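Chemist: One predicted model, sequence on top.
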Amino acid sequence: MGVRNLLAVTGDVRPIGDYPDATAIVDVDSIGLVNAVSRLNQGLDVGGKTIGPATQFHIGVTVNPGAEDLDEEIRRFEWKVDAGAHYVITRPVFEVAAFERIHRRLEAARLPVVLSVRPFESVLDAEYLANEVPGVHVSSEMLDRMRRASDARAASNEGAAIAAEIARALQKSVQGINVIPPPGRFDLGLALLDSLA
């Protein structure tokens, strides 16, 4: 199929849907998945038996600069590196300081780092991310900036401006930038890309 780049993520437990009794997605976490793909790249299956020609996957992993337990996040990241990761993509970064506190530890792995940025769609979006999504940290300064927006259009423009500022501030510290638009708002992602060009 020509697929060469993979991003190994653990995923979320979802006990709903058409098959609520199906085996959970966490049978193999991201570390185990990286191990399995690394073996395939050596021409072996997970049991160590030959599969014929080796695969040539480029294995990506994630790291969350906003994690509450940063030491545990780095420990898992290092296990992913030991398992055979080739590059790392951050979870969305909503403030420069969050990335800076993890940057040196990422550099030690000597892997390309791709920074993820996500523009806020609205004040409600920023508040939701700040208060309801585990592992996301949005500073009170950023929330205040979003709250000062005069209307919905101004808020989405401010959200894009914040994401662009973060990307510009960190672009020399990373090897790429991943723009993640809010659900259904590809226009915001495209506007952010245009502002970074």
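Modeler: Arrived safely.
Chemist: Can you tell me the SS state at Asn178?
Modeler: Under the three-state scheme (DSSP: H, G, I helix; E, B strand; the rest coil), Asn178 adopts strand.
Chemist: One more: Ala98?
Modeler: Ala98 - assigned by three-state DSSP - is helix.
Chemist: repeat for Gly159
Modeler: Under three-state DSSP, Gly159 comes out as helix.
Chemist: residue ranges of the strands in this structure, please?
Modeler: 5-8, 58-63, 87-90, 113-117, 176-179 (DSSP state E).
Chemist: Ile89 touches Ile177, doesn't it?
Modeler: No: the criterion here is Cβ atoms under 8 Å, and Ile89 misses it with Ile177 at 10.1 Å. From N, CA and C alone the C-beta is placed, and that goes for glycine too.
Chemist: what's the overlap in contacts for those two?
Modeler: 114, 116 (Cβ atoms under 8 Å, 6 or more residues apart in numbering).
Chemist: quick one: low-confidence ranges for this structure?
Modeler: 11-26 (pLDDT under 70).
Chemist: Go again with 90.
Modeler: 1-3, 6, 8-30, 32-33, 45-48, 66-68, 98, 133-137, 139, 182-197 (pLDDT under 90).
Chemist: Can you list the residue ranges for helices in it?
Modeler: 30-41, 70-83, 96-107, 123-132, 140-147, 152-170, 186-196 (DSSP state H).
Chemist: Export the ones you listed as CSV, with columns for mean neighbour count and distance to Leu115.
Modeler: Output for the helices of the chain, formatted as CSV (neighbours: other Cβ atoms under 10 Å; distance: least, Cβ to Cβ, whole Å):
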stretch, mean neighbour count, distance to Leu115
helix 30-41, 19, 19
helix 70-83, 17, 15
helix 96-107, 16, 7
helix 123-132, 16, 17
helix 140-147, 15, 16
helix 152-170, 19, 5
helix 186-196, 16, 11
